[in-house]
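[1] Fold the following, please.
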Amino acid sequence: MKSSDSDFAPPSHPLVFVLSGPSGAGKDVLLAAMKERGLPLYYTVTNTTRACRPGESDGKPYRFVGMEDFERLLERDELLEHAVVYGNHYGVPKSQVREALAAGKDVILKIDVQGAMTIKKLLPDATLIFLMPPSLAELARRLGGRKTETPEELELRLATARAEIAKLSEFHYVVTNRDIRQSLNDISAIIAAEKLRVAPRRYHL
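    Take a look at the predicted model:
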C-alpha cells in the first residue's frame, strides 16, 4: 500500500498559551496586533469587577461585572483562576476555555503574573509567555502617560512590577516589548515552535 505525504503529518492538538507580565508592558496592544494579523487563536475575555476606563467597553478588553455576579462564578468553581489586583477582582471563566479546546482551537489567556502562577498549577501543560517592558523607566513613562493612577498608585504598580519580574524563571518564554512589530513576530515564532512539539499537551478543566 502506497503512503502519501499526508501520512507523515502529526496529529494536531489544541494548545493553551498564557500571556502575562507587568501592568503597562503592552499586553492589550500586543493582543490587538495578534488579532489584526489574524493569528488563529481563541482570545479569552477576563471578567473583572474594576470600573470601565475611557476607551474601553464591555468585552474590550474585559467583561465588566458586578461583585455579586463574580462571587456567583466563584461559588460554582467556574473561574479558571481568580486574582485580586489593586483591590479589583479578575478571573477567566472555565467555560470559554473548555468550549474552545473542545472545538479544536488554540487558546490564549491574558492574565497578570499572579494569575499565571495559578494557571501553571492547574494546567501544567500550558505555555507561559512573559511580556517584559524595555526598562522600569520606560514602564513608569507608559503608566504615567495613561493618567489613570495617583502618584501613590503608580509607585505601587512599579513595586509590583519589580516583584513580578522576579518570577521570570517560572515562565517558558520572554518577549521584551521594545517594538510591537518585533514582539508580534516573536509571539508568532513561539506559537509555531510549540505547534511543532512532538508530545501532545493535555488540559483538564
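
[2] hey, let's count contacts and neighbours off CA atoms from now on
    Noted.

[3] any chance you could map the helices in the protein?
    27-37, 67-75, 94-102, 113-122, 136-146, 151-165, 180-195 (DSSP state H).

[4] contacting residues around the spatially closest residue to Thr118 that is not a sequence neighbour?
    Distances taken as C-alpha to C-alpha, 6 or more residues apart in numbering place Glu81 nearest to Thr118, at 6.2 Å, with adjacent residues excluded. Contact analysis of Glu81 by C-alpha atoms under 8 Å, 6 or more residues apart in numbering lists Gly91, Val92, Pro93, Gly115, Thr118, Ile119.

[5] Generate a ChimeraX selection restricted to the buried subset of the residues you listed.
    Paste this into ChimeraX to select the buried members of those, with burial taken from 16 or more other C-alpha atoms under 10 Å:
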select :91,92,93,115,119
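
[6] Give me the pLDDT for the residue nearest to Thr118.
    Glu81 is assigned a predicted lDDT (pLDDT) of 86.

[7] let's have the chain start at 51 instead
    Will do, 51 is the new start, and the previous item becomes Glu131.

[8] and the helices of the chain, which one's lowest on average pLDDT?
    When I compare those, helix 186-196 is least confident, with a mean of 79.

[9] For that helix, name the packing helices and strands.
    helix 201-215 (3 or more C-alpha pairs under 8 Å, 6 or more residues apart in numbering; DSSP states H and E).
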